[in-house]
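A.B. asks: Can you look at this prediction? I've put the sequence above it.
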Amino acid sequence: MKVHDQFRHHDIITGDPSALVEIPFWMWQAQVGQVREILKKYGATEPDIKFPLRLMESVLPLCQCVFGGRRMAFAPRCTPISTIPAFSQAKRKVFMTATLANDSVLVTHLGADKASVTSPITPSTSDMGDRLILTPQEINRDFTENDLRDIVKSVAQSRNVVVLVPSKVRSEFWAPVARQILETTNMESGVAALRAGHVGLTVLINRYDGIDLPGSACELLVLDGLPRTVGPIRERRNNVLEGSKGLLVEQVQRVEQGMGRGVRGGDDRCVVLLFGSDLTKVVNFPDTFDRFTPTTQAQIKLARQIAKQITSTSQKELLDVMAYSFNADPNWLRASKVAIVNAPKADQSYVEDYVEAERAAFDFACLQQYEKAADTLKPLADGAQDPSVKGYLKQQQAEYTNFFDKPTAQAILMTAVTSNSAVVKPIAGVQHTRIKAHNEQAMAAAEFLSRFDTPHQMLIWAMELRDRLIFDPDRTDDFEKAVQEMGQALGFQSARPEKETGKGPDNLWALGPNSLAVIECKSGAIGNDVAKKDCDQLHGSASWCDTQYPNIPRVPLIIHKSNKFGDQAFPAQDFRVIDAGKLAELKAAFTGYVEGVGTGENWRDKQRVGTQLLAQKLAGGMFVQAFTRPAEKT
């Protein structure tokens, strides 16, 4: 077993929540007979097996299998609807939905006609109620989670308030002031209590659809952070399609679903607060804001106009604006209705170009016509302009090809990984593309920052990146991506070798012509000290760097809550640590750097960027000394 695979294996068997490994399709296809026998033996009695085997047995060879530190799941890429004759053979099918996270699932999962999905029958006029949608951190970047909790607690004394959180961990922040925290087991009774009368503050864990809270059941709705992915298969898919248009649409629609919980008809009204740097970014960046329905866009724009009257950081001013909805102010209601009526008719539903082919290929594969399945996907995969989509489709093409031509399947997979490093790695592996420092750090940083249209966008992006740099076992991939983006924003060449090739460190920064930072991110570590396996992993990554970059000095660096190494961990003398304290200093310096650059209009100026890099000690020659500590033994 390769060293890298040993670490992954250890993470899975020890229950590391950040571990997520897709079993290569050639291994799954070779072992599917054993899987079938296990399911036959335990499927009827094991409570964790949540489906009838008869629905899956015929498509077991076509399933993806993903292992995580807490769970394992497998599923076909499309629903095998042929196993449900009453549905598949129905002469007419009517699909009714208010908002789906992604309309493409009607095609891939239910076999609907794409043309029908993209031209749905919709109401001639909107029956949307009045929503006063505010984003406090857009109004005031210094608005904190404690400010939010104080406001919510105040409102909840006389009104029903519902807070949607993405995870059980986040619900703990609200527990001291919540009257009830609802998840699957107590959702029905908790919602009934809200409808029956005054409860106060209710927290819903990761429930953004299927809950109706009309009238006084919810007068203030808070979305506390972006919705999270549920389940290993979905999480894996999102990793592969990260940044694609379809995934952005899905993300926005999940937010839209959540915002609809408190307004269930044209006469209803509700205040909606969007909190968190990630949500603030969604409503401020054109590529995501434009994905909201026209009615929601109109309501957000109207609320922004009203929010301009907030001139201070006091909570009272925000409460005064919210009172327009609470008290049914006639001027507010009139303006809201005008905005809704004048909003343009919603565009046709969004469906990715490739989903019909994806469904057709799956149907061919169900009939064991694997060559037709692969041929159906090939032109879509070859013609895809989005690299993430290209890799996603090519992996599926390789999966079908493997049934009849294993060497060609590996060749297709190799082309897939060149487009999208998140797909399954081929047997032969992937070579690391060497990085080198930019000729001028300030120039590279200025070029990166020039992607933002305004300083406001840049500051919101930086706030969202900063907030991803937290010690959270459930968000380790977000952390590693944030480290990569921070490096780019500082003008360093920045890569993620482990994700891109399956080998090497989590992150690699070229700090200068003769300096590399070899970075292992342990934002999900549970223990107080650096464990032996994490120390060994940094040793392995340092050795990898010596092989890939001979004669170039490197700094082995681990990001961990502590710079203390445990009894069985033996760091090298040159090991450095960004511990919790230094990470806080780095985040503050990064925020100061972006704010300094963003003052005034010319935020792309190389000289200004260089001055701020030096002022915040973020220049390559200063970074290690300013923001790391030496490793120490306990």
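C.D. replies: That came through fine.
A.B. asks: Just give the number of residues close to the closest residue to residue 360 other than its chain neighbours.
C.D. replies: Leaving aside its sequence neighbours, residue 360 sits nearest to residue 376 (CB to CB, 6 or more residues apart in numbering; 5.2 Å). (Glycine included, C-beta is placed from N, CA and C.) Residue 376 has 23 neighbouring residues, counting by other CB atoms under 10 Å.
A.B. asks: Please work out which residues outside the helix or strand hosting residue 376 touch it.
C.D. replies: Residue 376 belongs to helix 370-383 when assigned by DSSP states H and E. Residues outside helix 370-383 that contact it (CB atoms under 8 Å, 6 or more residues apart in numbering): 353-354, 357-358, 360-362, 364-365, 390, 393-394, 396-397, 400-401, 403-404.
A.B. asks: can I see the domain layout of this structure?
C.D. replies: 1-76, 130-342, 441-633 (automatic domain parsing).
A.B. asks: any chance of the ones you listed in JSON lines, plus mean neighbour count?
C.D. replies: Putting those into JSON lines (neighbours: other CB atoms under 10 Å) gives the following:
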{"stretch": "domain 1-76", "mean neighbour count": "16"}
{"stretch": "domain 130-342", "mean neighbour count": "18"}
{"stretch": "domain 441-633", "mean neighbour count": "19"}
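A.B. asks: How much space separates the residue nearest to residue 374 when sequence neighbours are not counted from residue 394?
C.D. replies: The spatial neighbour of residue 374 that comes closest, neighbours along the chain excluded (CB to CB, 6+ apart), is residue 400 at 4.3 Å. Remark: distance between residue 400 and residue 394 (CB to CB, to the nearest Å) = 11 Å.
A.B. asks: thinking again about what came up before, which parts of the helix holding residue 376 are buried?
C.D. replies: 370, 373, 374, 376, 377, 378, 380, 381 (16 or more other CB atoms under 10 Å).
A.B. asks: Between all of those residues, which two are separated the most?
C.D. replies: 370 and 380 (16.7 Å; CB to CB).
A.B. asks: coming back round to it: tell me the mean pLDDT over the helix holding residue 376?
C.D. replies: Per-residue pLDDT over helix 370-383 has a mean of 96.
A.B. asks: centre of the chain versus it, how much separation?
C.D. replies: Here helix 370-383 is found 29 Å from its chain centre; the criterion is CA atoms, centre = their mean, to the nearest Å.
A.B. asks: Provide the angle between the direction of the following helix or strand past that helix and the direction of helix 370-383.
C.D. replies: For helix 370-383, the following helix or strand on the C-terminal side (DSSP H and E) is helix 387-401. Interaxial angle, helix 387-401 versus helix 370-383 (axes from the mean of the first three to the mean of the last three CA atoms, to 10 degrees): 160 degrees.
A.B. asks: Run through the neighbouring helices and strands of helix 387-401.
C.D. replies: helix 25-42, helix 232-240, helix 355-366, helix 370-383, helix 406-419 (3 or more CB pairs under 8 Å, 6 or more residues apart in numbering; DSSP states H and E).
A.B. asks: Show me the one of the ones you listed that comes nearest residue 506.
C.D. replies: helix 232-240 (14.4 Å).
A.B. asks: could I get the helix or strand just after that closest one in PDB with only the CA atoms?
C.D. replies: Next helix or strand after helix 232-240 toward the C-terminus (DSSP H and E): helix 245-259. This file holds the C-alpha atoms of helix 245-259, laid out as PDB (Å, rounded to 0.1, in the frame of the first residue of the first chain):
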ATOM      1  CA  LYS A 245     -22.700  26.600 -13.500                       C
ATOM      2  CA  GLY A 246     -25.000  23.800 -12.600                       C
ATOM      3  CA  LEU A 247     -23.600  23.600  -9.100                       C
ATOM      4  CA  LEU A 248     -23.900  27.300  -8.600                       C
ATOM      5  CA  VAL A 249     -27.600  27.100  -9.700                       C
ATOM      6  CA  GLU A 250     -28.100  24.300  -7.300                       C
ATOM      7  CA  GLN A 251     -26.500  26.200  -4.400                       C
ATOM      8  CA  VAL A 252     -28.600  29.300  -5.100                       C
ATOM      9  CA  GLN A 253     -31.800  27.300  -5.400                       C
ATOM     10  CA  ARG A 254     -31.200  25.700  -2.000                       C
ATOM     11  CA  VAL A 255     -30.900  29.200  -0.500                       C
ATOM     12  CA  GLU A 256     -34.100  30.200  -2.300                       C
ATOM     13  CA  GLN A 257     -35.800  27.100  -0.900                       C
ATOM     14  CA  GLY A 258     -34.800  28.100   2.600                       C
ATOM     15  CA  MET A 259     -36.000  31.700   2.200                       C
END
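A.B. asks: what is the mean pLDDT for helix 245-259?
C.D. replies: 88.
A.B. asks: before we move on, what about stretch 341-352?
C.D. replies: For stretch 341-352, the per-residue pLDDT averages 77.
A.B. asks: Could you tell me the end-to-end distance of that stretch?
C.D. replies: 29 Å (CA to CA, to the nearest Å).
A.B. asks: Next: stretch 135-142.
C.D. replies: 12 Å.
A.B. asks: Also stretch 81-92?
C.D. replies: 15 Å.
A.B. asks: Need the residues that contact that stretch.
C.D. replies: Counting by CB under 8 Å, 6+ apart, 54, 55, 58, 93, 110, 111, 363, 366 sit against stretch 81-92.
A.B. asks: Please point out which parts of it sit buried.
C.D. replies: 81, 83.
A.B. asks: And the spatially most central residue of the chain, what's its pLDDT?
C.D. replies: For the chain, the residue nearest the mean C-alpha position is residue 228 (6.5 Å; CA atoms, centre = their mean). Residue 228 is assigned 80 on the pLDDT scale.
A.B. asks: if I pick it, what's in contact with it?
C.D. replies: 166, 167, 206, 474.
A.B. asks: let's see 10 Å
C.D. replies: 165, 166, 167, 170, 206, 234, 235, 238, 254, 474, 475 (CB atoms under 10 Å, 6 or more residues apart in numbering).
A.B. asks: Next, format the residues you listed as TSV and append distance to residue 534.
C.D. replies: Shown next, in TSV, are the contacts of residue 228 (distance: CB to CB, whole Å):
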residue	distance to residue 534
165	29
166	27
167	24
170	26
206	29
234	28
235	23
238	26
254	34
474	18
475	17
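A.B. asks: Assign a three-state SS to residue 131, would you?
C.D. replies: strand (DSSP: H, G, I helix; E, B strand; the rest coil).
A.B. asks: from memory it sits against residue 292, does it?
C.D. replies: No: with contact defined as CB atoms under 10 Å, residue 131 does not count as touching residue 292 (11.7 Å).
A.B. asks: Next, show the common contact partners of these two.
C.D. replies: 259, 299, 300.
A.B. asks: The first one contacts residue 303, doesn't it?
C.D. replies: Same thing as residue 259. No: counting by CB under 10 Å, residue 259 stays clear of residue 303, with 11.8 Å between them.
A.B. asks: Need the overlap of contacts for these two.
C.D. replies: In contact with both residue 259 and residue 303: 131, 133, 272, using CB under 10 Å, 6+ apart.
A.B. asks: quick one: which of those residues is nearest residue 463?
C.D. replies: Of these, the one sitting nearest to residue 463 (CB to CB) turns out to be residue 133, at 19.2 Å.
A.B. asks: Please name the residues that touch the closest one.
C.D. replies: 221, 223, 259, 270-274, 283, 292, 296-297, 299-304, 307.
A.B. asks: and the residues you listed, which of them are in strands?
C.D. replies: Here DSSP state E is the test, and the contacts of residue 133 give 221, 223, 270, 271, 272, 273, 274 as lying in strands.
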